[in-house]
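Participant: quick one, fold the following:
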Amino acid sequence: MSKLDEKIFAEQQEIMFEALTQMAKLAENNTNASSNFLLLSKILVIGVMSNAADLAELTNPGASHMFYSEIEAAARNRGVEGIAQAGGQMTELADIAPDDMTKAMNYVGEKLSTTLFKATCELPSTLRTEEMMLRGVEALMSNLLHQKFSNAHEILDSFCEHVHCSIDDLEERVRVKEVLQ
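Facilitator: Coordinates of the predicted model:
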């Protein structure tokens, strides 16, 4: 991070701290603190996000879409704290080297996951289930394999082997993390 970026980040942290301090004062001074604080907090957060997205759009046309997608993914992961607890942060496009297949794969996976989650949340409440997410992945895979590969069954078998390896790797990471704690 450059000195200028560090300065801007420090200023942003200070502004956020001041805004949260003011919000805490409003909550303390209000007899209906719980309901009003929630409403005021929601308005503040939406206002900050909207203005930040507008500023991002001015500096980088098209950036607001990516900005909102990242916010949605962060919210799905319970914010910054949830991302940290998961062992890292979300992959950013700028962090991917042209030959870094692993980061590229994780980036695409995160974007697909965000889109799948969003689409599932838009369904009627009775259909917002883990099973529906799985069925969505099945439909995506079936369509992609059928449209893009003449040997779809062989590709699917190879894909399943890779998924099994990835699950085993994730389970091993969890075991190692638990042992180290």
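Participant: name the residues of the lengthiest helix in the chain that are buried.
Facilitator: Scanning the chain for the helix with the most residues, using DSSP state H, yields helix 152-180. Of the residues in helix 152-180, none has enough neighbours to count as buried (16 or more other CB atoms under 10 Å). Where you see a C-beta, it was placed from the backbone N, CA and C, and this is true even at glycine.
Participant: what packs against that helix?
Facilitator: Based on contacts counted as 3 or more CB pairs under 8 Å, 6 or more residues apart in numbering; DSSP states H and E, the elements that helix 152-180 packs against are helix 130-148.
Participant: can you dump the C-alpha atoms of the helix it packs on in CSV for me?
Facilitator: Extracted in CSV, the C-alpha atoms of helix 130-148 (Å, rounded to 0.1, in the frame of the first residue of the first chain):
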residue,chain,number,x,y,z
GLU,A,130,-29.9,-25.5,0.5
GLU,A,131,-31.4,-28.1,-1.8
MET,A,132,-32.5,-25.4,-4.2
MET,A,133,-28.9,-24.1,-4.3
LEU,A,134,-27.7,-27.6,-5.1
ARG,A,135,-30.3,-28.0,-7.8
GLY,A,136,-29.2,-24.7,-9.3
VAL,A,137,-25.6,-25.9,-9.4
GLU,A,138,-26.8,-29.2,-11.0
ALA,A,139,-28.6,-27.2,-13.7
LEU,A,140,-25.6,-25.0,-14.4
MET,A,141,-23.3,-28.0,-14.6
SER,A,142,-25.6,-30.0,-16.8
ASN,A,143,-26.1,-27.1,-19.2
LEU,A,144,-22.4,-26.2,-19.4
LEU,A,145,-21.2,-29.8,-19.9
HIS,A,146,-23.8,-30.5,-22.5
GLN,A,147,-23.2,-27.2,-24.4
LYS,A,148,-19.4,-27.0,-24.2
